[in-house]
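Engineer: Predicted structure and sequence below. I'll ask about it afterward.
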Amino acid sequence: MQHLRPAATEAALALVVLVGAVATAWWRLGAVARGTAWAEDGGLFLRERLAYGVDGTLLRPYAGYLHLVPRLVVDLAVHRPVEQYALTVSAASCVVVGVVAAAVFVLSRDVLPGRTMRLLLAAVPVVLPLAPVEIAGNAANLHWYALVLVPWLFAYGARSWWGAAVVAVLALAATLTELQAVVFLPLLALAWWHRGAPSPAGPVRPAAAWARLRALPVTVAAIGGGAAQVVTALTTERTSERGHPAPADVVAGYLLQPVAGLWDRRVAPVGAAVAEHGAWVLVVPALAVLALLVVALVVAPWRARVLLVALAGGSVVVWTAALLANAPADGRWSTLDAVGLAAVGPSRYAAAAGMLLLSAVVLSAALLVDRGAGRVRRTRTRTGGAAPVVRAALGWCVVALVVATSVANAAPGASTRSDGPLWAPQVRDAEPACRADPTRVLEVRTAPWSAQVPCTLVLRDR
C-alpha cells in the first residue's frame with residue numbers, strides 16, 4: 001500500500017493544479033472578456049460548425065492547418081444555450097489550459113522530481129503576463145498552448161500502459177491542433193530512452209524491452225498527427241501573405257515582445273524605456289536570461305539539457321516562424337523611432353514564444369536550486385565549496401523574480417476583449433424579433449468581427 005501513496009499524492013496535486021489553473025485563467029480574463037466572443041470563435045468556427053456539423057468540421061482545415069481542440073470547444077458551446085455561447089467557449093478554453101498545466105506538472109517529473117518547482121513550471125501557461133491580452137480564454141488561440149505541452153509529452157517515459165495511452169491521446173490532440181508541434185518530434189527519442197529503459201550498450205531483458213515499448217503509442221500518435229498537419233499545410237492554400245522579415249527585425253522583435261513580455265504585458269512602457277535609455281533596457285535582461293540558461297546547461301543532467309535546449313530554441317523558432325508565415329506580424333521593430341517604441345503593443349505571436357522561454361527560465365532556476373534534479377543522486381558532491389550555495393541562491397532569486405512579475409501582471413487588465421461587445425445581452429434582446437420571424441439570422445457583434453446566429457438556435461432553448 002505504501003507504494004500507492006506517492007501516486008495518490010501526485011494525482012491529488014495534479015487535480016489541484018488543474019482546478020487552480022482553470023480558476024486563475026478565468027479570473028485573469030475579467031468579466032467583460034469572458035462574455036465576449038473572439039474572432040473565429042464567433043466567426044468561421046461557429047459558422048462552419050452550423051453548416052457542416054461536428055463530423056464535417058473536426059478535421060476541416062483552416063489557414064493551412066488543422067484545429068481539432070478549438071473545433072471541439074466550439075461544438076461543446078453549440079450544444080449549450082446559445083445565449084451562453086461566449087461564456088461556454090471561455091470556460092472550456094480555460095479548462096483546456098488547466099489540463100495543459102496539470103499535464104506539465106505530471107510529465108516534468110522525469111527532470112524535476114521536486115514538486116515545488118514543478119508547480120511553478122506548470123503555472124507558466126496561466127501566469128504568463130501576455131496570456132490574457134489575446135490568447136487566453138478563447139478557442140481560436142488554444143493552439144499556442146499545445147506548443148508548451150508537446151515537449152513534455154514527447155519526452156515523457158510512461159510508467160504504465162495506461163499512462164502511455166493517456167499521453168498518446170494528448171499528443172494526438174496537440175499535434176492535430178498545432179502544426180509547429182512537429183518541431184519537437186525529435187524529443188520522442190527521450191521517450192524511448194528513459195530511466196528504467198534498457199541501455200543501448202547493455203543486455204536487453206525482456207521486461208525492460210517491453211517497458212520501452214510504452215513509448216510506441218505516443219510515437220505513433222505524434223508522428224501521425226504531425227504527418228496529417230504537414231499534408232494539410234502542403235495541400236491547403238493559406239490566405240495570409242508570407243512575411244520577409246529582416247534579421248534585425250526578428251531580433252529586435254524578439255527582445256521587445258517575448259522577452260519584454262516576461263515582465264510587462266503592456267510592452268509599450270518597455271518600448272518607451274528603450275526610447276529614453278537605449279537598447280540596454282532589453283539587451284541586459286536578455287543576456288541575463290542567456291547566462292542563466294548556460295549555467296543551467298552546465299550543471300544539469302543530460303535529459304534536462306535536451307529539454308532546456310528544446311524549450312529555449314523552440315521559443316526562437318516559433319517566433320521566427322510566425323514572422324515568416326504572416327507578413328502583418330512583422331512590426332518592423334528595428335526601424336521604430338521613439339514615438340513608435342512608446343506606442344508598440346503586445347503581439348499575440350509573442351505569447352507562445354514567451355511561454356516556451358519562461359518555461360526554460362523556470363526549468364533553469366529549478367536545476368540551479370537542485371542541480372541533481374532529474375537524475376538518481378548516489379552521493380552528495382564531495383568537493384563542497386561555495387559554488388552550490390551560489391547556484392541555489394541564484395535559482396531562488398530567479399524564482400522570486402518570476403513570482404513577482406507574475407503577481408504584478410496577474411489582475412485583469414486591458415485586452416482585445418475587455419471592451420466587449422458582450423454576447424449574451426445581444427441574444428436576449430433579439431428574442432422578440434426571433435419569435436416574430438423564426439427564419440431570421442441574427443447579426444451578433446463579436447470582437448473584432450460579427451457572428452451569424454440563426455433564430456432557430458435562439459428559440460431552441462426557450
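Structural biologist: The structure has been received and is ready for your questions.

Engineer: Looks like A155 contacts L185 (just checking).
Structural biologist: No - counting by CB atoms under 8 Å, L185 is not a contact partner of A155; they are 10.9 Å apart. (Glycine included, C-beta is placed from N, CA and C.)

Engineer: number of nearby residues for A424?
Structural biologist: 17 (other CB atoms under 10 Å).

Engineer: Same check on V267?
Structural biologist: Other residues near V267 come to 21 when the count uses other CB under 10 Å.

Engineer: Not counting sequence-adjacent ones, nearest residue to it?
Structural biologist: Once flanking residues are discounted, V267 sits nearest to P346: 4.6 Å by CB to CB, 6 or more residues apart in numbering.

Engineer: looking at it, the one you found is touching L262, isn't it?
Structural biologist: No - P346 is not in contact with L262 according to CB under 8 Å; the separation is 11.7 Å.

Engineer: Looking only at neighbour counts, state which of A155 and L185 leads.
Structural biologist: A155 (24 against 15).

Engineer: and the residue nearest to the more buried one when sequence neighbours are not counted, what element?
Structural biologist: Spatial nearest neighbour of A155, excluding adjacent residues (CB to CB, 6+ apart): L190 at 3.9 Å. If you go by DSSP states H and E, L190 is part of helix 188-192.

Engineer: So for that helix, what gets flagged as buried?
Structural biologist: 188, 190-192 (16 or more other CB atoms under 10 Å).

Engineer: got it, and stretch 102-119?
Structural biologist: For stretch 102-119, by 16+ other CB under 10 Å, it's 102-113, 117-119.

Engineer: mind listing the strands for this protein?
Structural biologist: 441-445, 450-454 (DSSP state E).

Engineer: now the last one against strand 441-445, angle please.
Structural biologist: For strand 450-454 against strand 441-445, the angle by axes from the mean of the first three to the mean of the last three CA atoms, to 10 degrees is 150 degrees.

Engineer: Just checking: what are the partner strands of strand 450-454?
Structural biologist: Sheet pairing for strand 450-454, assigned by DSSP bridges, gives strand 441-445 (antiparallel).

Engineer: packing partners for the helix holding L190?
Structural biologist: Applying 3 or more CB pairs under 8 Å, 6 or more residues apart in numbering; DSSP states H and E, one finds that helix 188-192 contacts helix 143-155, helix 216-235, helix 302-325.

Engineer: who wins for proximity to P421 among those?
Structural biologist: helix 143-155 (24.3 Å; CB to CB).

Engineer: export the closest one as PDB, just CAs?
Structural biologist: The C-alpha trace of helix 143-155 is given here as PDB (Å, rounded to 0.1, in the frame of the first residue of the first chain):
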ATOM      1  CA  HIS A 143      -3.300  26.000 -30.500                       C
ATOM      2  CA  TRP A 144      -0.500  28.100 -28.900                       C
ATOM      3  CA  TYR A 145      -0.800  26.200 -25.600                       C
ATOM      4  CA  ALA A 146      -0.100  23.000 -27.500                       C
ATOM      5  CA  LEU A 147       3.400  24.200 -28.000                       C
ATOM      6  CA  VAL A 148       4.200  24.400 -24.300                       C
ATOM      7  CA  LEU A 149       2.800  20.900 -23.700                       C
ATOM      8  CA  VAL A 150       4.300  18.800 -26.600                       C
ATOM      9  CA  PRO A 151       7.900  19.000 -25.400                       C
ATOM     10  CA  TRP A 152       6.900  17.300 -22.200                       C
ATOM     11  CA  LEU A 153       4.500  14.800 -23.900                       C
ATOM     12  CA  PHE A 154       7.100  13.700 -26.400                       C
ATOM     13  CA  ALA A 155      10.000  13.400 -23.900                       C
END
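
Engineer: still on that earlier bit, who's in contact with the helix holding L190?
Structural biologist: Applying CB atoms under 8 Å, 6 or more residues apart in numbering, the external contacts of helix 188-192 come out as 110, 154-158, 212, 215, 218-219, 222-223, 303, 306-307.

Engineer: Chain neighbours aside, what residue packs nearest to the residue nearest the centre of the chain?
Structural biologist: Nearest to the mean C-alpha position of the chain, by CA atoms, centre = their mean, lies Y145 at 2.2 Å. Residue nearest to Y145 in three dimensions, not counting chain neighbours: V100, with 5.0 Å by CB to CB, 6+ apart.

Engineer: list the contacts for the one you found?
Structural biologist: 21, 125, 145-146, 148-149.

Engineer: these two touch, right, Q452 and T446?
Structural biologist: No - the pair Q452 and T446 does not pass the contact test of CB under 8 Å, sitting 10.6 Å apart.
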